[in-house]
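Asker: Mind folding the following:
(chains A, B, C and D)
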2 protein chains.
Amino acid sequence: MGHQPTDPYDILRSGLIWGRWKSGERLIPQYLTAELGCTSSVLREALIRLAGEGLIISEKNQGFRAITHSPETFRQAAHLRLVFEVEASQMSLKNADFEWELSLSAAYQKLAHVEKQMIETGNAEKYVRHWSLQDWEFHSTLLSACGSDLLLKTYKSAFDTFRMYAVSSIPNYGFGGEITAQEHRAIYEAAIKHDIAACIKAIETHLVLYKDGNRTNEPLPAKSSLQAAKKSPPPKKKKKI
Amino acid sequence: MGHQPTDPYDILRSGLIWGRWKSGERLIPQYLTAELGCTSSVLREALIRLAGEGLIISEKNQGFRAITHSPETFRQAAHLRLVFEVEASQMSLKNADFEWELSLSAAYQKLAHVEKQMIETGNAEKYVRHWSLQDWEFHSTLLSACGSDLLLKTYKSAFDTFRMYAVSSIPNYGFGGEITAQEHRAIYEAAIKHDIAACIKAIETHLVLYKDGNRTNEPLPAKSSLQAAKKSPPPKKKKKI
DNA sequence: ATTTATGCAACTTTCGAAAGTTGCTTGACA
DNA sequence: TGTCAAGCAACTTTCGAAAGTTGCATAAAT
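Answerer: Here you go, the predicted model:
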């Protein structure tokens, strides 16, 4: 069994990505202590680090907020993903060794498996979080042999920003059924064949729809509440009647 | 008259970029308080934020260190710059309006002027810091009309990493005399003509040498000490004789 | 002579309280 | 009624001390 993270930084980071706090929402250290099991100072440090990473905005004397996203910021994140994936997949395919091919195959099989379940059961929502993790594993493995840790680190940051928006505002976090599965297959097969041109084309096909905003126009599904028990701020003092 | 920054974060950030602390050097909050005029807690926060940005490394119970760079990390930063500049300059040229052309011209004239001084006086060292600032202004202005704040922010981070290494390890921070001046002119002229292909080519010419490590092989000049007055750690206890 | 324990100094991290800031609410004054 | 200022509650930021950790120096054991 895996362990739940207990480090406030990890909890906050993953909470931000998976929609525990919404776009623009204030994060007040004082009211998170009970839930995260530490004092507000420790939370403050975690929030500052996340501000440095760009997941949180902090303005002097105004505390912390989750970054605000919009279709436009999503478009920018998708565009950055596209730029990185096109560049780094080329480099990866050039450096690729046998071990890399093994991990890419493993990542692809796991991704394809969950996508098959989502399509066959017709119950995509049930698997969508797992799918999102496998989607990350597949894309990051594809780029992992590019030879630049800096590029990979920067890519991760763009991917997380992309995912934050997808989780909060796109049906099934962007999983588009059979079409998405086909796109992943095209990327995988081109990569395994070391066909750089086909791989780039497949990546562009996969991401250009987000970049141009064409996959964000569908209606939002009803979202169930994700609220965990938390100490709430005291009710505001009422105006005298 | 401009003001010196007094915010510890700004002082640390600029100190890191301009070589006040060297690659891998420990930053111990306790010994920086006198110099930066605040308590170690405030310094800690600034250091954590810089860790989030990637300029500082922090490991649990091991405190903070300036990121360690090497020819390889420099190569990666140069490569990232190249990727961003090629992509964003295209977008900028497409969006370019009159105001953008004015700021690009202004930035270029200032850059060309300091480069001329460096070449004519033969005393590049005297101007190199100013040159580095103008170099940033020129390159960032070129990309400024690309329409993606996220791309610009990410580019800045790569540029800072690039510059950190250049300041510490490359003669004249990478200013290569007449050749560099010519390269900047080629970029500028292609941009003003909205000649995307020529602009990309000029950018590639400008950056590919760093990317491939060919401008880092020159001998290092003697570096004078930059040490400011600082409270030093107490001398280590001597071994008994 | 080497390995293994113990002590200690130098930091690092966490804590909780004090000081500072912001923006509402309310009450005084035009 | 409108506006302006004082008061206040809710945070945010800073502080300095307490607690915890690491790694070296020295001492003890094999």
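
Asker: Retrieve the pLDDT associated with the nearest residue to A:Ala96 once chain neighbours are set aside.
Answerer: Nearest non-adjacent residue to A:Ala96, counting by CB to CB, 6 or more residues apart in numbering or on different chains: A:Ala145, 5.4 Å away. Placement of C-beta: from N, CA and C, glycine included. pLDDT, A:Ala145: 97.

Asker: And for stretch A:195-205, what's in contact with it?
Answerer: Outside of stretch A:195-205, the residues within contact range by CB atoms under 8 Å, 6 or more residues apart in numbering or on different chains are A:82, A:85-86, A:89-90, A:93-94, A:183, A:186-187, A:190-191.

Asker: Let's see that with 10 Å instead.
Answerer: Residues from elsewhere that reach stretch A:195-205 (CB atoms under 10 Å, 6 or more residues apart in numbering or on different chains): A:81-82, A:84-94, A:139, A:142, A:179, A:182-193, A:211.

Asker: Quick check on the residues you listed: which are buried?
Answerer: Buried residues within the contacts of stretch A:195-205, counting neighbours by 16 or more other CB atoms under 10 Å in any protein chain shown: A:81-82, A:84-93, A:139, A:142, A:183-184, A:186-188, A:190-191, A:211.

Asker: Could you count how many residues lie near the nearest residue to A:Leu12 once chain neighbours are set aside?
Answerer: The shortest distance from A:Leu12 to any non-neighbouring residue, by CB to CB, 6+ apart, is to A:Ala46 (5.3 Å). If you count neighbours by other CB atoms under 10 Å in any protein chain shown, A:Ala46 ends up with 25.

Asker: In three-state terms, how would A:Ala46 be classified?
Answerer: The three-state assignment at A:Ala46 reads helix, by DSSP: H, G, I helix; E, B strand; the rest coil.

Asker: isn't it right up against A:Ile11?
Answerer: Yes - assessed by CB atoms under 10 Å, A:Ala46 is found in contact with A:Ile11 at 8.3 Å.

Asker: which neighbours do those two share?
Answerer: Joint contacts of A:Ala46 and A:Ile11 (CB under 10 Å, 6+ apart) are A:32, A:36, A:38.

Asker: so which of these is the most crowded?
Answerer: Highest neighbour count within those: A:Leu32, with 22 neighbours (other CB under 10 Å).

Asker: How about the contacts made by the spatially most central residue of chain A?
Answerer: Centre of chain A computed as the mean C-alpha position; nearest residue by CA atoms, centre = their mean is A:Arg163, 2.7 Å away. Neighbour list for A:Arg163: A:17-18, A:77, A:81, A:132-133, A:135-136, A:170, A:173-174 [criterion: CB under 10 Å, 6+ apart].

Asker: model confidence over the helix or strand A:Leu80 falls within, on average?
Answerer: Using DSSP states H and E, A:Leu80 sits in helix A:71-95. Mean pLDDT, computed over helix A:71-95, is 96.

Asker: Could you list every helix and strand in contact with the helix or strand following it?
Answerer: Next helix or strand after helix A:71-95 toward the C-terminus (DSSP H and E): helix A:98-121. Where contact means 3 or more CB pairs under 10 Å, 6 or more residues apart in numbering or on different chains; DSSP states H and E, helix A:98-121 is packed against helix A:71-95, helix A:124-143, helix A:178-192.
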